[in-house]
Each structure stands twice: as structure tokens, then as C-alpha cells.
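S.K.: output the structure for:
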Amino acid sequence: MSTPLETLGRPYFFAVEDSDHGDVPSPRLDQAHRTRVRSLSGMQKEALVTSSVSGTTWRLVSDEGDYLDGDDVAPPPLAFMTTGVVSSVTTELLALADQRGVEVDDVEVRVDNYYTMNGSALRGTMTGGALPIDVDVVLDADTDEETVQELVETAITLSPVSGLLQGTHESVFTLTCNGKPVAPDRVDELDSALLSDPNAAFETLAREATRRDPPLMNRTDRTAEPPATADQKYTSSEGSSLEEEQDRILHLQGVCTLDDDGVKRIETRAFSPVGTVFEFRSDEPEGHGGHGRAPDAMTYVAAGLGLCFMTQLGRYADIVDTELTDYRIVQDTHASRGGASAGTNESGRIAPVETHVFLDTPAGEEFAREALDMGEQTCFLHALSRTDLDEPAVTVSKSH
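M.R.: Okay, the predicted model is just below:
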């Protein structure tokens, strides 16, 4: 039996052509992304992400594995964030090396993301957390390892995602329940005019789309193997992420290499909960370090933030056994450009995430507020935004 994503009859990832869905906020820093996400069925979601830099709108989709009773036909939300982080770091590393006249060949950048989930959903104590990342780089460069180490550490600092990893950024929200604006409860309220419900953008989306070869996203037939150091907080069992009480670690890894045409190829591996290995392609916009042949790093970051939050809304409703008939969001993210790729040599910065939430539920406004509060509280990537992490652990080795 086909899943909703399969019955839509489109490539999973594609650039939207001739659409009216490309409105994007004026950047408060150097670039902005507007992300629209809707739930389809189960854990499947569809996103439209528009970049202020390129003007391109990318259609992206997400699913979950059996740990969340998903159909596993598309990548999980956290894989999008890992892809964005490793793609951004790679872009800045190559730009910085070029700026300094260091010749780099055969580069491989590996990023490990770690998150936590602790507490009880029914008691309202379940909370998502984020931990410092690891960055491992293997490359062939015409300089010594000490210089390469400094090059990598500086590239991470210049990446816009470093603004997400460092400092605290409390997300802000609006809430609409059953078509009516509702004041949020515990989350910070966005002092801004409500944006339109995104449903129309999806309903008018053209069914025909350009298929890429190789595809922008590929589901492999492989399953990630947890590292030998994995402890009892690593999970792999069916439905484990839906348990009412949790104390676990999530661990994803992204490995970035370059195709012959310069497009980045990122393999994402879910070690906990154990999941399928997916491949993504990423390219920066024309005139900004790439040729716009695939979604840029910050498009993946924006998509990951929206998709992860949407997953937590649906997951909470499932755990507390309350009907959430339909749910959508419109999310705005603002970030700096890469300090090396844009030539500013400034550290990465990011503004608080702004999200307009649209919930339809027979349980009414009280549950809508509760779902929003718990969705933010348990979202790993909103936790990443509000947590000032320690500096990444960086290891560098030369391949020759």
C-alpha cells in the first residue's frame, strides 16, 4: 500500500518552478528563509523552503523510521540539520582555504550531532536537549597539520551555523487554533502580524517537477551501525521514541564529500535511534560559492528546524492520545552569510526562530496551547537554538 508521499507522484526533493510561493521576509541579518510545513499522515511531512539569497523555493519531504512508527520512505528531520551543518562547514572550509592560498584535495568533513530526551510527557516534564558537536576532517592539503587544524576551527566559527551552536536564542511563536488566533501560554509570543495559513501553497503546487540524476536525495538500503562506544541510552526498538517516559541520547552523523562537479554529497547515518542511511546533495546559490544545483546549507537547516518541531507536535498528541486533525507552520529564520564564502570574515550569527503555528483539533484552545508548549519543549532543534553549547571537538588528519 502506497504512503501519502508516494501517492503525490512527485520527486521527493525539487526546485519549485513558476510558483507564487516564493515570498520571503526581508533579511534581518544577511539571509532569510521562509519555511512552510504541513503534516500529511503519520510522520510524513512536506516542506517548502524559500531563500532570500537565491529566490529559489525547494520542496522537501520528511518521514521517520519504525522508532516513531513511520514509513521510513524519506529522511528524518534531524538528518536535515546534520546535512545543513556539515554542508555549511565544508563550504566555509573550502572558501577559507582558497582565500589563504591553501590547496585542498580529497576533503571529507564529518559532523556528529547529539541530542537528549528526558522526562515524562504525561507529567509535562519531557524535555529535548542538545549537546556539543564533533567535527572530524580528513583532507589532502599543501600545508602542515597545525595550519590545517586552525583552518578548520576558523571555518566552523565563520559558518552561519556557528550562530546556532553558540549563544542562546529563544524561539517565538504565534498560535492559530481551528482558524482562530489564540494567545500562547508558556512559549514566548511573536509580536508580529499573523501570516497566512500555508495550506494554499501546497494545494496549488504543480505535480510535475524536474527529476535529477543523481537525485537530490536518495534512500539507501543500508542501516546505520551504532558505534562501539554506544551506551544504554542509545535506542533502536520499534516505537521507542513514543514511550511516555524517556531518558535517551540521539546521535546522527553526516559525512560530506564532493562530487566531480563540485556538488556536496552528504551521507547521514542515524545511530540512535537506529535508522536508514540517506544521501543528500547540497550546493550554494549561483554567485555565492555554488551554482544552485541543489538546496543550500541553510535551506536544510531551516527545513530541519521546521520539520523537527512538527514531529514533536504530532508525537505529543500521539502520546497523550488526543486528536490533532491537521497541523501546519510558517517559519522564518534569519542568519548571516558565511564569513569566508561571503568575504566578511565575520563569525556566524543567527536570530531567534519565528514560527506561526496552525492547529486543528476538536480538543480546542487549551490543548492547542499545551501542544505548542510541549512541542517547543521537546523539539531537539529548538533546544539547539536556546542552548549555548561548548565549542565543537575538532580533529584533523591529512590523507597524504
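
S.K.: could you pull out the helices in this protein for me?
M.R.: With DSSP state H as the definition, the chain shows helices at residue ranges 4-7, 77-99, 145-158, 162-165, 199-203, 297-319, 364-378, 380-386.

S.K.: dump those into TSV; add mean pLDDT as well.
M.R.: Shown next, in TSV, are the helices of the chain (pLDDT from 0 to 100):
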stretch	mean pLDDT
helix 4-7	87
helix 77-99	97
helix 145-158	93
helix 162-165	94
helix 199-203	88
helix 297-319	97
helix 364-378	97
helix 380-386	96
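
S.K.: what's the closest of the ones you listed to Leu190?
M.R.: Leu190 lies closest, by C-beta to C-beta, to one member of the helices of the chain: helix 364-378, at 11.7 Å. C-beta: built from backbone N, CA, C; applies to glycine.

S.K.: ok, and what's touching the closest one?
M.R.: With contacts defined as C-beta atoms under 8 Å, 6 or more residues apart in numbering, helix 364-378 is touched by 117, 121, 124, 126-128, 171, 173, 175, 177-178, 180, 182, 184-187, 309, 312-313, 315-317, 322, 324, 357, 359, 361, 382.

S.K.: are any of those residues buried, and if so which?
M.R.: 117, 121, 126, 128, 171, 173, 175, 177-178, 182, 184, 187, 309, 312-313, 315-317, 324, 357, 359, 361, 382 (16 or more other C-beta atoms under 10 Å).

S.K.: re earlier: which of the contacts of helix 364-378 fall in strands?
M.R.: Applying DSSP state E to the contacts of helix 364-378, the entries found in strands are Met117, Thr127, Gly128, Phe173, Leu175, Cys177, Lys180, Val182, Val357, Leu359.

S.K.: list the contacts for the second one?
M.R.: Residues counted as contacts of Thr127 (C-beta under 8 Å, 6+ apart) are Met117, Asn118, Gly119, Gln377, Thr378, Ala383.

S.K.: tell me what it is bridged to.
M.R.: Asn118 (DSSP bridges).

S.K.: for Pro198, what are its contacts?
M.R.: Listed by C-beta under 8 Å, 6+ apart, the contact set of Pro198 reads Arg36, Val37, Arg38, Leu48, Arg328, Ile329, Val330, Phe358.

S.K.: hey, what's the third one bridged with?
M.R.: Bridge pairing for Arg38 (DSSP bridges) gives the partners Glu46, Arg328.

S.K.: which residues touch it?
M.R.: Contacts of Arg38 (C-beta under 8 Å, 6+ apart): Lys45, Glu46, Pro198, Asn199, Phe202, Asp326, Tyr327, Arg328.

S.K.: can you tell me how far the second one is from Asp213?
M.R.: This means Glu46. Glu46 sits 22 Å away from Asp213, going by C-beta to C-beta, to the nearest Å.

S.K.: got any ranges where the protein has weak pLDDT?
M.R.: Within the chain, the segments meeting pLDDT under 70 span 1, 18-22, 207-208, 400.

S.K.: check it and tell me which residue is nearest its centre.
M.R.: The residue lying closest to the centre of the chain (C-alpha atoms, centre = their mean) is Gly304, at 1.9 Å.

S.K.: so that one makes contact with Phe80?
M.R.: Yes - with contacts counted by C-beta atoms under 8 Å, Gly304 reaches Phe80, the gap being 3.4 Å.

S.K.: chain neighbours aside, what residue packs nearest to Thr154?
M.R.: Leu96 (6.2 Å; C-beta to C-beta, 6 or more residues apart in numbering).

S.K.: burial of that neighbour, as a residue count?
M.R.: By other C-beta atoms under 10 Å, 24 other residues sit near Leu96.

S.K.: repeat that for Gln99.
M.R.: Counted with other C-beta under 10 Å, the burial measure for Gln99 works out to 13 neighbours.
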